[in-house]
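Enquirer: the sequence isn't on hand, but the structure is:
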């Protein structure tokens, strides 16, 4: 929905939620600072980003407030800070981190809380200090512990990790709440405040007794008519195209963050495979944070909306050249944060490896466990001329080449026009199976072509090794990520139509069998269909990324 409406659909809903303050998060900047600022101005609550400023203007990032002071009644004053981590700054595709002045969250609290207390509250300590954060839980834990100084937050309300967590950490028993995602629930917090605060700022803040109640939003609960009307308007705008069938899957597609950010999944493999096929890349490395559905998509029909849920951003792709040593460094970065559910965790194709999470980050992959697929060989067209492997099927252009007779010899006699206008009128009589190409042990000094996202190639999300590497195909010559997937299904549909036009053509059926190994296409030796739905995809987990400590 955000891809189509660019976040505007959230304004009326957020403005109905009686929000007192919101902390800036990385996806608030998906469409750039200017668009965020426009949306921010239309909110009826303030946005906060305390510990990051813009170098050029001196403003807090995005024009946010540095902090907010809330009057909770009966003279109770609450200081709310919006604290972010450095890690997600490197993932921003629309903001250059060189233009941002970032301060460590604990260092900021130690430095600024006494200053704010003096400037705003006459030196009298605030009754409550809340850290509204957009950080991984481990950084929330560190915030609760503090840096050994006298000034700490009293309550942490987190939001970067996509799960529910209610825990107590630190010497002062700081409660940390991460209330989940997608408006699935909220948490009520009761806090016992002391009758008065010690005005001596040299004294540590007292421990606060807190109690919580997690409330799950019932699916059959009473609807808010104002929100419902806004939601229906947004859905109607998007659904004009989102309900259109795209393809079919024989297997549920596991796109849950808890899965794709910690292990190999079938949807991760499917997307990475398509990256290789679309660009003729030898290896594909994609950060799992690109896959945003956070759900299991059931077997059956896949719609345009399903694809948009999985890949909501029009991410550009590039093909770069890495040495074997650099390729291992990239994979090391991908698994460096495990078991944290970091978006850098890799989706891969064309490479197989093992990692040991018990070892220190950067030392988790043994080079002996890494194998790389050989580059595909050329194929011959109907005239006996060699054509590049990638031209047998190219999802970026929707090209489809299929054999036309039982001898696997291409001919133009009595050939129907291509079903899809983007399909090629050139037909290939044989194709080396994408999945049958052998793997060889990685050679540290050899060169490999790697397809990845353009923003990863800029060194984002910890993939520093990608920076300044030779570019084989730039973003202008590579398709955007959602288009690769959509065009793949266009090709599947074209192949399916060909099978209907020439139902007894063993060549067509064999071509389908070879190419759609990732699907469920299956035919017997006589070319008879052995699957009820041969043109539905069926991606699998094949062991290309193995955690040696996992039993999965």
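Expert: Good, I have the coordinates. As the structure is a prediction and not an experimental result, all values here were calculated from the model. Numbering: from 1, shown residues only.

Enquirer: pretty sure residue 304 is touching residue 239, no?
Expert: No - using CB atoms under 8 Å, residue 304 makes no contact with residue 239, being 9.7 Å away. In short, each C-beta sits where N, CA and C put it, glycine included.

Enquirer: which one's more surrounded, these two?
Expert: Neighbour comparison, residue 304 and residue 239: the larger count goes to residue 304, with 19 against 16 (by other CB atoms under 10 Å).

Enquirer: for residue 249, see how far away the more buried one is.
Expert: Separation of residue 304 from residue 249 (CB to CB, to the nearest Å): 14 Å.

Enquirer: repeat that for residue 297.
Expert: Residue 297 is 7 Å from residue 249, by CB to CB.

Enquirer: those two: which is more packed in?
Expert: residue 249 (23 against 19).

Enquirer: what distance do you get for the more buried one to residue 296?
Expert: From residue 249 over to residue 296 (counting by CB to CB), the distance is 11 Å.

Enquirer: go on, residue 36?
Expert: Residue 36 is 31 Å from residue 296, by CB to CB.

Enquirer: what of residue 89?
Expert: 31 Å.

Enquirer: the two: who's more crowded?
Expert: Shown here are residue 89 and residue 296; by other CB under 10 Å, residue 89 has more neighbours (17 against 14).

Enquirer: go ahead and confirm the more buried one touches residue 100.
Expert: Yes - here residue 89 reaches residue 100: they are 6.5 Å apart, a contact under CB under 8 Å.

Enquirer: mutual contacts of the two, please.
Expert: Between them, residue 89 and residue 100 have residue 52 as joint contacts when contacts are counted by CB atoms under 8 Å, 6 or more residues apart in numbering.

Enquirer: does residue 220 count as helix, strand or coil?
Expert: coil (DSSP: H, G, I helix; E, B strand; the rest coil).

Enquirer: next, give phi and psi for it.
Expert: When read as degrees, to the nearest 10, the backbone of residue 220 gives phi -100, psi 20.

Enquirer: how about the strands in the stretch 101-250 of the chain?
Expert: 128-134, 155-158, 164-169, 174-179, 185-192, 209-216, 245-249 (DSSP state E, counting those that start in this stretch).

Enquirer: let's have these in CSV, adding mean pLDDT.
Expert: Formatted as CSV, the strands of the stretch 101-250 of the chain follow (pLDDT from 0 to 100):
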stretch, mean pLDDT
strand 128-134, 95
strand 155-158, 95
strand 164-169, 91
strand 174-179, 92
strand 185-192, 91
strand 209-216, 90
strand 245-249, 90
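
Enquirer: how about these in CSV, adding distance to residue 74?
Expert: Below are these laid out as CSV (distance: least, CB to CB, whole Å):
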stretch, distance to residue 74
strand 128-134, 12
strand 155-158, 18
strand 164-169, 27
strand 174-179, 22
strand 185-192, 13
strand 209-216, 18
strand 245-249, 57
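
Enquirer: distance of residue 337 from residue 73?
Expert: For residue 337 relative to residue 73 (CB to CB), the value is 42 Å.

Enquirer: then residue 457?
Expert: 53 Å.

Enquirer: between the two, who's got more neighbours?
Expert: Each of residue 457 and residue 73 has its neighbours counted (other CB under 10 Å); residue 457 has more, 24 against 6.

Enquirer: contact partners for that one?
Expert: Shown in contact with residue 457 (CB under 8 Å, 6+ apart): 318, 320, 463, 466-467, 469, 471.

Enquirer: report the two of these separated the most.
Expert: 463 and 471 (14.5 Å; CB to CB).

Enquirer: who's more crowded, these two?
Expert: residue 463 (23 against 14).

Enquirer: tell me the contacts of that one?
Expert: 285, 287, 330, 333, 344, 452, 456-457.

Enquirer: pipe these into TSV and attach secondary structure per row.
Expert: Below are the contacts of residue 463 laid out as TSV (three-state DSSP):
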residue	secondary structure
285	strand
287	strand
330	helix
333	helix
344	coil
452	strand
456	helix
457	helix
